[in-house]
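S.K.: build the 3D model from these lines:
(chains A and B)
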Amino acid sequence: KAGVTQTPRYLIKTRGQQVTLSCSPISGHRSVSWYQQTPGQGLQFLFEYFSETQRNKGNFPGRFSGRQFSNSRSEMNVSTLELGDSALYLCASSFRAGREKLFFGSGTQLSVL
Amino acid sequence: GQQVMQIPQYQHVQEGEDFTTYCNSSTTLSNIQWYKQRPGGHPVFLIQLVKSGEVKKQKRLTFQFGEAKKNSSLHITATQTTDVGTYFCAGLSNFGNEKLTFGTGTRLTIIP
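M.R.: Numbers count the residues shown, from 1 in each chain, chains lettered A, B, ... in the order given. Prediction:
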């Protein structure tokens, strides 16, 4: 069974640009969560989707958005990039929302110059 | 909002020594999960605790969930170099739309 797949693996952007990251969950998993990881801040929750609906949202500005498709694949978008958006963005999937253990992808390392 | 803190932030131990990381939540939790992230890797699920006062063991790892379901600990006996990494707890809130909040993590370094 394939794991959680995130693309691209690395990304370099400049301030003001926008970026779209993709996540394909484990087959059969319907819940996808996104996290931002920085060295000093640990894992910060961005949002969670279940059956194409946003179920939970973290405390990030509106520049951060996401969506989930009918095949459970998810994308997150960051508009008007800032230097502080440089981070590892991790996607995690689970069969159901809430109490299930999470399976993480390898992440997308975003660098904003 | 819910906050989950872990201490210590960093821990350096000699190989063979024991290691413990503590996790404290500002609110009562439904359950708590533990993850391990190796350097350069992604978090990998270790275990989930659900019941008040629950203790679970995985070989040299012992996990505890507090009686009040607001704190937890992970203890590693006789550390090995393969234990290197960052250990995160993640608490599931008791209220509203259940949301998993990750702790700040404890980074473990082993001195051979």
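S.K.: in what helix or strand does the one residue sitting closest to the centre of chain A lie?
M.R.: Residue closest to the mean C-alpha point of chain A, counted by Cα atoms, centre = their mean, is A:Trp34 at 3.3 Å. Applying DSSP states H and E as the criterion places A:Trp34 in strand A:31-38.
S.K.: run the chain-centre distance for that strand.
M.R.: Averaged C-alpha coordinates place strand A:31-38 at 5 Å from its chain's average position (Cα atoms, centre = their mean, to the nearest Å).
S.K.: for it, give me every contacting residue.
M.R.: With contact meaning Cβ atoms under 8 Å, 6 or more residues apart in numbering or on different chains, strand A:31-38 is reached by A:23, A:25, A:43-50, A:55, A:60, A:66, A:68, A:72, A:74, A:76, A:86-98, A:100, A:102, A:107, B:100, B:102. C-betas here are computed from N, CA, C, even on glycine.
S.K.: count of neighbours near the residue lying closest to B:Asn71 once chain neighbours are set aside?
M.R.: Ranked by Cβ to Cβ, 6 or more residues apart in numbering or on different chains and with sequence neighbours excluded, the top spatial neighbour of B:Asn71 is B:Asn24, at 4.8 Å. Neighbour count of B:Asn24, defined by other Cβ atoms under 10 Å in any protein chain shown: 17.
S.K.: what of A:Gly28?
M.R.: When neighbours are defined as other Cβ under 10 Å, A:Gly28 has 9 of them.
S.K.: what pairs with the helix or strand of chain B with the lowest mean pLDDT, parallel or antiparallel?
M.R.: Sorted by mean pLDDT, DSSP states H and E, the helices and strands of chain B end with strand B:100-102, the least confident at a mean of 90. If you go by DSSP bridges, strand B:100-102 pairs up with strand B:85-93 (antiparallel).
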